[in-house]
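J.: All I have is the shape, not the residue letters:
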């Protein structure tokens, strides 16, 4: 069960996008990074539908909510029965079918970078690279301090900049794609959304 829940932690975080494109270099690279940083710095709340394609090709759907900094909810539709919530420190992963819960420190997952808005482009331990192709921007982030060397990849439309896809590849080369649809920004979200379910 623990292995399954830990896998879901990575599944929601990593969506790998490959582009036949050139890496953006020089001042253009800095401009794009600055725009992406500004996008997240100005982001308060987000809600959207998502389609998740796992490493084995299995497809899951559900609703995704962000209230930054710190709050997150992934609510998977049946038959998946998984609920993932966070209010800052713990990522709480629950299997509604088995009524089991697993807690993972957020700072041990790639989600920590996004939830806490850690977009310090001059951080010596975080490696950034940008790809640009056909109106899409792909930002790859690798935390060199983490032993597993997993990578987070965020894909945006270029004009205007808007999050479209979400990526991670783990150190075992497992890849998961999370496609974001019906994105809504700035809505007031109830704090109750980010509480785990009580199975008692």
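T.: That came through fine. Bear in mind that the values here come from a model prediction, so they are computed numbers and not experimental data.
J.: CA only for contacts and neighbour counts going forward, please
T.: Fine.
J.: What ranges does the protein have for its helices?
T.: Counting by DSSP state H, the chain has these helices, from start to end: 2-13, 26-41, 111-115.
J.: mean pLDDT for the ones you listed: which is lowest?
T.: Comparing the helices of the chain by mean pLDDT, the weakest confidence falls on helix 2-13, with a mean of 47.
J.: thought residue 99 was touching residue 200?
T.: No: the pair residue 99 / residue 200 is not scored as a contact, 9.1 Å apart, by CA atoms under 8 Å.
J.: More neighbours: which of these two?
T.: Each of residue 99 and residue 200 has its neighbours counted (other CA atoms under 10 Å); residue 99 has more, 13 against 4.
J.: Could you tell me how far the residue lying closest to that one once chain neighbours are set aside is located from residue 98?
T.: In space, and not counting its chain neighbours, residue 99 is closest to residue 199: 6.2 Å by CA to CA, 6 or more residues apart in numbering. Distance of residue 199 to residue 98, computed by CA to CA, to the nearest Å: 10 Å.
J.: helices or strands up against the top strand by length along the chain?
T.: Within the chain, and with DSSP state E defining each element, the longest strand by residue count is strand 175-185. If contacts are counted by 3 or more CA pairs under 8 Å, 6 or more residues apart in numbering; DSSP states H and E, strand 175-185 sits against helix 2-13, strand 45-53, strand 161-169.
J.: Distance of residue 52 relative to residue 75?
T.: Using CA to CA, we find residue 52 at a distance of 12 Å from residue 75.
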